[in-house]
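Asker: Provided below are the primary sequence and the corresponding predicted coordinates.
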Amino acid sequence: MYVKVFYLLIYIEVINIAIKIRKRYQGRTREINRDIINESISAKELLVITADGEKLGVISREVALKKAEDAELDLVLIAPNSTPPVGKIVDYGKYKYEKKKAEQAAKRNQKVVELKEIRITPNIGQHDLETKLKNGRKFLKNGDKLKISLKFRGRENLNKDFGAKTLKRAVDMIKDVSDIEKPPKESGRFLDVILKPKK
């Protein structure tokens, strides 16, 4: 009896530990080493480049590995899909560091284009329209796209031509910094136009 209870308690404890471990590592992705180096290279022949950029030509994997070993460096496969695959004799630690640095620099220089929106109504006053378009102008100059949404309320639905004229006036007021990406389109109670920064 006591032995069964003892084993049951151990079993429950093991399950609890397993659940804790699972929760701890759930959602984590393991970093996969995508670089193929030294003995991991399966290609029989490679176009080999030295650390100085000198091309040694197409040589066998064994000869390339020997040259890398003689130079006390690593053979890294830099273009596995080319014919023949391209390998480079480099200091792998330095190569990895420079590659990571280049990826970070590319990420910093990458601009994420957002779609910003301003809303207007058919009867919007001139001053209010200018204020809203001032913000829209800032968005476009920042490299983002701009969606101008004109909302019809109540009886304004009966005179949609007037709303279309107001939207056209708004588009004309900022045409010096924008081009139309998607022309005006009706969507329920809205008339929308999407603008992109002028090239």
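Answerer: Looks like it came in fine.
Asker: chain center to the helix or strand harbouring residue 19: distance?
Answerer: If you go by DSSP states H and E, residue 19 is part of helix 2-25. With CA atoms, centre = their mean, to the nearest Å as the basis, helix 2-25 stands 42 Å off its chain's centre.
Asker: can you list the domains in the chain?
Answerer: 36-104, 115-197 (automatic domain parsing).
Asker: just the terminal-to-terminal distance for the shortest one.
Answerer: Just to be clear, that refers to domain 36-104. One end of domain 36-104 to the other measures 21 Å (CA to CA, to the nearest Å).
Asker: so for the helix holding residue 19, what's the average pLDDT?
Answerer: Regarding helix 2-25, the rounded mean pLDDT is 75.
Asker: toward the C-terminus, what is the element adjacent to that helix?
Answerer: strand 36-37.
Asker: report the buried residues of the helix or strand just after that next one.
Answerer: Proceeding N to C from strand 36-37, the next assigned helix or strand is strand 45-49, under DSSP H and E. By neighbour count on 16 or more other CB atoms under 10 Å, the buried set for strand 45-49 is 46, 47, 48, 49. The C-beta positions use only the backbone N, C-alpha and C, and glycine is treated the same way.
Asker: so the second one makes contact with residue 61?
Answerer: No - here residue 47 does not reach residue 61: they are 11.7 Å apart, not a contact under CB atoms under 8 Å.
Asker: one step back: can you pull the buried residues of the helix holding residue 19?
Answerer: So helix 2-25, judged by 16+ other CB under 10 Å, has zero buried residues.
Asker: please apply the same query to stretch 60-79.
Answerer: Those buried within stretch 60-79 under the rule 16+ other CB under 10 Å are 61, 64, 65, 67, 68, 73, 74, 75, 76, 77, 78.
Asker: just checking, the fifth one touches residue 88?
Answerer: What that stands for is residue 68. No - using CB under 8 Å as the test, residue 68 is too far from residue 88 to be in contact (9.3 Å).
Asker: now the common contact residues for these two.
Answerer: Taking CB atoms under 8 Å, 6 or more residues apart in numbering as the contact rule, residue 68 and residue 88 both touch residue 75.
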